[in-house]
Each structure stands twice: as C-alpha cells, then as structure tokens.
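Undergrad: When you get a sec, could you give me coordinates for this:
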Amino acid sequence: MAFRSVVFKLALLSALLVFGAGALLSRSLFSPLAASLAAFAATAFLAGRILRAQSVEKREETLARNFLSVVSHKLRTPLMIVIGYLDLLQEDPAGRLDEFQAKAVATMVKEVERLHILVEKLLMYSTALSAETLDMDPRETSLVLVVESAIKGLSDVIGTPGVRILWDREAVTALPCVRADVLLLSEALRNLLENAIRFNHGKVKEVRIGAVLEGSRVRLSVADNGPGIPLDEQARVFQRFYQIDEHFTGQALGMGLGLPFVQNVVTAHGGRVGLRSEPGKGCEFFFTVPTA
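TA: Residues are numbered from 1 along each chain as shown. This is a model prediction of the structure:
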C-alpha cells in the first residue's frame, strides 16, 4: 500500500513538473525535459494501475477461493444426510414403495450423486485457484499410473454406448518417469478426458490419449472428434468461470473451473498447457511435465 502511494505521488509530481517546466522554461529547453518527465509520469501511472489491478485480482482470488470452500463444505454435510436417507428408501426392505415412488427415488439418487460429484469438484477446485495455493506431494512416478488413474475416474461414463477412450499403453510405458503429484496430475488429465466426452454431442465420442517425449519433458495430449472450439473463444477457455457458447458444447453446461484447475496443476509441476482446435474438426488439449 505504501509503495503504491509513493508511485502515485511520484506520478502526480512528474505531471506537475511537466506543466511547470512548460510555464517556466523556453520552448527549446522544455521539450527534452517535458518528454523525459512525461515518460516517467506515464510509466509511474501505469505501474500504479498494474499494482492496483494485481491487488484487486488477489482479493478476488481470495474471495473466490473462500466462497467455493465455504459453499462446498456447507453443502457436503446435508448432502451426505440426504444420500443416506435415499439409500435407505431405495433398499425398501418392507416393499412399501409403489412403482412410481421407486422410480422417483431412483431418479433422486442419480441426481443427488451428480450433485455430490459437483460439490467434491468445488472443494478440490477451491484449493487450486492458483498454482501457488496447491498443496502438492510430488514423487517419481510412471505416466502409466497417471493415465490409468484418470481413466478409472471416468468409470461411470466409459461404459456409455458410443464412448471410446484410446491409448497406447506400450508407448506410454516406454516414456521416462516424471516427478509429479499423481492425484493432482491424474485429476487434471481426467478433467480433459471428461470434457472431451461431455462436450461432444456426436453419436460416437472417440478420445485419444497421446504421449511423447520432447527433450526433457513429456507431452500428454487429449484429442477428440467433437465440435471443436471457435477461434475467438480459445484464448479465454482457461479463465475462471468462462463458458463456451452452448451451440458448441451441445447444451452441456460446466462450471468454468475445470480448465483453470488443469492449468494451475500443470503450472505447479513446471509445465505448460495449450490447445489446438478448429470448429467442426475436434479439439486437442495438451500439457507438458518435466521428466524426473
């Protein structure tokens, strides 16, 4: 705060000096001095604005993290109670539910489970709104473990008709190990896989996991045969809470937190994330991770 105040005062003083110099000095002497002072004033004002913007962004990040954490925690307890009672109702050992009631309970169980997954995601995302806030436990690990863990986390959708996840186990096994937090990195990969399936409204949803060695880094990619992402949207998909137009997502709405989570996890591992896409020709998300 004190530094920002000093920057502002210096900028204001520079502006006053510019105008003062114009009033006191001849035109020939004023021009070089005014140019220098004006440049300093502009730089100082810009620095002040950047500092203020960073401060606001930091506050917003803290508020968002606290909000998501509180909401997810507050929802968690009553949700578990609801799940418990619904499980008891669904068992119905006395056979007191008629056909309509049994179907209603089954529908409620399905939707509550979806809500439970959403709350758990919120809880995880709330701890990863920036790479600096991640609590990591990096260990030397095989990429096969990362890929298998990610796919295992999609067991509820893999059996869906038309969904195919393809990857070359031998090629991935041949790659060197990476130093990574398996839980976080596999969750990041799972997120990309889930997006590739969920936002693809075609009858056949084919997702390919690629892995290659690029110097001292391993590059993992997730390519799909979905609708792709419009060029003007691609630069914004990693922004928190940003949603792509529903026309391209098949009316499948997300939270706008998954890709920022992926980016923060990859950044925390010392890698980078990116995408290649052309509308109507699918999409490929990729990220790199340093080898161990």
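Undergrad: wait, what's in contact with the nearest residue to residue 176 once chain neighbours are set aside?
TA: Leaving aside its chain neighbours, residue 176 sits nearest to residue 291 (4.5 Å; criterion: C-beta to C-beta, 6 or more residues apart in numbering). Heads up, the C-betas are built off the backbone N, CA and C, glycines and all. Residues near residue 291 by C-beta atoms under 8 Å, 6 or more residues apart in numbering: 176-179, 213, 216-218.
Undergrad: now the residues you listed as TSV including secondary structure?
TA: Shown next, in TSV, are the contacts of residue 291 (DSSP: H, G, I helix; E, B strand; the rest coil):
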residue	secondary structure
176	coil
177	coil
178	strand
179	strand
213	strand
216	coil
217	strand
218	strand
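Undergrad: Need the max-distance pair from those residues.
TA: 179 and 213 (15.0 Å; C-beta to C-beta).
Undergrad: from the contacts of residue 291, which would you call buried?
TA: 178, 217-218 (16 or more other C-beta atoms under 10 Å).
Undergrad: Just name the closest of those residues to residue 200, please.
TA: Taking C-beta to C-beta as the measure, residue 200 lies nearest residue 218 of those, at 25.7 Å.
Undergrad: was I right about the closest one contacting residue 172?
TA: No. Between residue 218 and residue 172 there is no contact under C-beta atoms under 8 Å: 9.2 Å.
Undergrad: hey, what's in contact with both of the two?
TA: By C-beta under 8 Å, 6+ apart, residue 218 and residue 172 have these common neighbours: 143, 211.
Undergrad: okay, the contacts of residue 291 in CSV with distance to residue 187 and pLDDT next?
TA: Formatted as CSV, the contacts of residue 291 follow (distance: C-beta to C-beta, whole Å; pLDDT from 0 to 100):
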residue, distance to residue 187, pLDDT
176, 22, 96
177, 19, 96
178, 15, 95
179, 17, 92
213, 23, 96
216, 24, 94
217, 20, 95
218, 17, 96
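Undergrad: wait, which of those is closest to residue 185?
TA: Nearest to residue 185 among the contacts of residue 291, with distances taken as C-beta to C-beta, is residue 178, at 7.9 Å.
Undergrad: I appreciate the help and will end here.
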